[in-house]
Structures are given as structure tokens and as C-alpha cells.
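[1] Below is the structure, and that's it, no one-letter string:
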Ligand SMILES: Cc1cc2nc3c(=O)[nH]c(=O)nc-3n(C[C@H](O)[C@H](O)[C@H](O)COP(=O)(O)O)c2cc1C
Ligand SMILES: CCCCCCC(=O)C(=O)O
């Protein structure tokens, strides 16, 4: 039996109730209906060790990936398994958009690699049978500190786009941030999530348009407006351009008609006059813009893209309610520090005054634990849930969220943390 399965539930020997055992197995993302029936049959036959007998059945779907690419979400061992499946499912240009960093993708790679330089310190002899992974941010309670980062144009990954993501997030209790340039309106996403979502704002160069976006998001119940501030200078998405060489037709179809046309195809711009919008990213934006926004945002104002203590201090002076430490998943600048490495300086500067979230390269439950130990209130993931979406729609997203949450719960128990508040700096050390 895998350590992962063992850590996630009671062993068969301790299970007196067959139905509870089956419920536990059914919750596994690697479980299929066929495997379930075989295990149920083994149990009904009074097998002395049905769990051990059923193990081969449980693993069978994973062995069935002839080309090494999963063909069903339950075959996945971890979130990385979804990336090749997404690549297989998508046109090269769409996969290239998702996969791309900037220039040689150095920041993108560094974000995840940095986690291996942080080691975990585990405490022993703590009763970890019952743990609580919930977090409350701005009065909103989530079942997990793993939130979904804003990712634009999810219709390029799956026809159900952000709607499928929101349904999976509802199922798994994850908070969600919708991009300005999402393929789905905030009203539809809120309905699918069954709770308000945060709204990520790109600062268009037409204030009337920007103001209308904020008003619409707030009318839909968004408790937070997340201003992204890390795209002011432009970028070179080389990986995307390389893959587009294989697939130029798709991109020409999508991007015909220039920037205003491209923006107007996104539902959040419905009924807005976008003819004056030439830029989304606030090339001329300064802290005055944050002040201006602060005046019109009725709820919480969050800055996404902060990577230095200087800017974190400035953000506090300008009345910002939370910070997301982010380098846009390595899509903003080449050669940046990994976000997990700059998180401590931001946390120190903020000194507990506002929540600090972080994203970039989170792929494992241990990555999440490390960030919380370094002072993050929550973390966000971007590409992993889009891999799940692209490959399998809503069930794919749900499986990604389940796998990351399960790994996180396992490591919480292993280090002896019963609640999120128990995870502190003692849990990590530099390798
Ligand atoms: C395809 C794609 C589109 C994105 N679109 C947006 C966006 O519209 N607004 C934004 O603030 N960040 C956007 N991001 C960045 C994510 O919010 C997040 O910072 C990043 O994906 C986190 O890194 P990860 O993908 O390694 O988890 C995008 C990222 C990707 C991969
Ligand atoms: C008009 C669509 C542009 C979307 C840019 C979204 C983004 O932030 C990204 O990283 O890509």
C-alpha cells in the first residue's frame, strides 16, 4: 500500500465498518468505479485482508497509462501528471499560452525549484487524527489555504472554462480569484462557486472602463478587488511564440481585430465602450492610481505582484488590505527571485497588519506548508488547476485540488500541526 494512501485514512485492520472503509476509498482521486466494485466484492466475500487484495485493483488504472500520459483524472499520482495530459488535449498555441514564462523561463523554473532548498522540521508524538485546514480571510471561511489564482481566457483550455473551475472549487472549498480577462462573467462564476469570488483587476487605460469593471464585480458580491501590478513593462513569452510556430492559424483567428476587439470578446467588457482601451496593464500607473482605486473600492483592495519589502511598506501606506507576493508565475520578468524566497521580507515588512498571500510554483502539499511556515496566510495556484481543466474539465480540476489538499493534510499531520495557526517558522529551515 502506498504511504500516501496509508496517511490519508485509517488502515483496513482498524476499520470495523465496511461502509466507512468504502467511503474512504471512494474519496480517493485514484479510485475508479471498476476498482470500487472489485473492492466491494472482495469485502462482501469476507476477505480477511480486502484492502491488501484490492490494492492491485486500485493501482491498475495507473499501470494502464501506456504512453505515460494519464487518460482519466483518477490515474494521477500527483498534479504534475496533469501537465502532459493538458498538452495532449490542447492545440499547441493554447498549451503554449499556459506553459509560457518569459524569455528562457528562468523565473518560472526557479519558483518551484526553490522549494527544495527549504527543509521541513517535523514534531513527533502529537495526536493528529483530527486536523482543521480551514482559513478565514476577510471574514470569508475557506476549507483550505489553497486558493485559485486568476488565470485569463480559460475558454482556451476547456469549453466550460471558469465555470468548471468554480464548480470544482465549490466542491473542494477553495477560494477563487477571477481574472478581468476571464472567459466567463463574474455573475456566472459566482453562481457556479456558490459564494462570492475575488475579482482581479487589470488597470485599463480608460478609467471609465476600469471603474465600471470594479462596480460590476462589487455588485456581484466580490469582497476583494485584486489589482495586478506586475505587467507594466511588457514581456517576451518566448515559449508561447515557439509553440505558435506549430499552430499559427489558431492564434490569428483568436486575435484578429486588434487589442480593443480582443478585450471586447471577454464577457466582463460586455456593454462597455472599449474603443479607447489600448492597454490593460497600466503602463503609466503609479501609487496615485492605487489611491484613486482605494477611493472607489468599497470592499478590500489587494495588490498582486509585490516582490520587495519596499513595495510592501508602500502598499500599507496606501491603505491596501492584503498583498499577493507574485511574479505572475514567472510570466512577468526573467531572473526574478523565486516568490518563496522573497516571501519572508514581505511578511516581515507587513508585520501581521494585513494578510500576505503568495503564488508561483506551488505543486506539492509540502510547498504549501513551507509558505505558511514562512508567514503566508494562504497560497494560490495557477497552472496546475488549468492542466486539470484542459485535460478533463471539472473532474480534472477537482482531482488536482484533491491531490494537493491530500498532500497538504498528510504533511500537516506528519509535522504535528492540527490547525493552520500551528504552522510556524519552527516547521522549516534552509537546506
Ligand atoms: C495562462 C495564465 C494566465 C494568467 N492570467 C493572469 C491574469 O489574467 N491576471 C493575473 O493577475 N495573473 C494571471 N496569471 C498569473 C497567475 O495569477 C499566477 O500568478 C501564476 O499562475 C502562479 O504561478 P503558477 O502557475 O506557477 O501556479 C496567469 C497565469 C497563467 C499561467
Ligand atoms: C487580452 C488578454 C491578455 C491577457 C493577459 C493575461 C495574463 O496576465 C497572462 O499572464 O497571460
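    The structure has been received and is ready for your questions. All of these numbers come straight from a predicted model, not from anything done at the bench. Numbers count the residues shown, from 1 in each chain. Ligands and ions are numbered 1, 2, ... in the order given.

[2] From now on I want contacts and neighbour counts done on CA atoms only, so please keep to that.
    Fine.

[3] Report whether whichever strand in the chain runs longest contacts ligand 2.
    The residue-count maximum for a strand in the chain (DSSP state E) belongs to strand 300-306. No: Strand 300-306 does not reach ligand 2 (C-alpha under 6 Å from any ligand atom); its nearest approach is 10.9 Å.

[4] Any buried residues in the helix or strand following that strand, and which?
    Toward the C-terminus, strand 300-306 is succeeded by helix 309-317 as the next helix or strand (DSSP states H and E). By neighbour count on 16 or more other C-alpha atoms under 10 Å, the buried set for helix 309-317 is 309, 311, 312, 315, 316.

[5] List just the nearest of those residues to residue 213.
    For the buried residues of helix 309-317, the minimum distance to residue 213 (C-alpha to C-alpha) is 21.9 Å, reached by residue 315.

[6] Contact partners for that closest one?
    By C-alpha atoms under 8 Å, 6 or more residues apart in numbering, the contact list for residue 315 reads residue 303.

[7] Now do it against residue 307, distance only.
    12 Å (C-alpha to C-alpha, to the nearest Å).

[8] show me what contacts the most centrally placed residue in the chain?
    Centroid-nearest residue in the chain, with C-alpha atoms, centre = their mean: residue 381, separated by 2.2 Å. With contact set as C-alpha under 8 Å, 6+ apart, residue 381 has these partners: 146, 147, 148, 149, 359, 360, 361, 362, 363.

[9] Against ligand 2, how distant is residue 371?
    Note on residue 371: its distance to ligand 2, by C-alpha to the nearest ligand atom, to the nearest Å, is 22 Å.

[10] Please read the previous query as pertaining to residue 105.
    When residue 105 is compared with ligand 2 (using C-alpha to the nearest ligand atom), they lie 13 Å apart.

[11] Could you show which parts of the stretch 301-431 of the chain are in contact with ligand 2?
    Residues of the stretch 301-431 of the chain lying near ligand 2 (C-alpha under 6 Å from any ligand atom): residue 331.

[12] quick one, strands of the stretch 301-431 of the chain?
    Using DSSP state E, counting those that start in this stretch, the strands of the stretch 301-431 of the chain run over residues 322-325, 356-359, 378-381, 428-430.

[13] now the stretch 1-150 of the chain
    118-120, 135-137, 140-142, 146-148.

[14] nearest to ligand 1, of these?
    Ligand 1 sits nearest to strand 146-148 of all the strands of the stretch 1-150 of the chain, at 8.0 Å, using C-alpha to the nearest ligand atom.

[15] Could you list the domains of this protein?
    9-58, 75-430 (automatic domain parsing).

[16] what's next to stretch 319-327, contact-wise?
    Residues from elsewhere that reach stretch 319-327 (C-alpha under 8 Å, 6+ apart): 230, 291, 294, 300-307, 312, 333, 336, 338-339, 342-343, 346, 354-360.

[17] what residues does the stretch 101-250 of the chain put near ligand 1?
    Counting by C-alpha under 6 Å from any ligand atom, the stretch 101-250 of the chain sits next to ligand 1 at 149, 150, 151, 152, 179, 181, 228.
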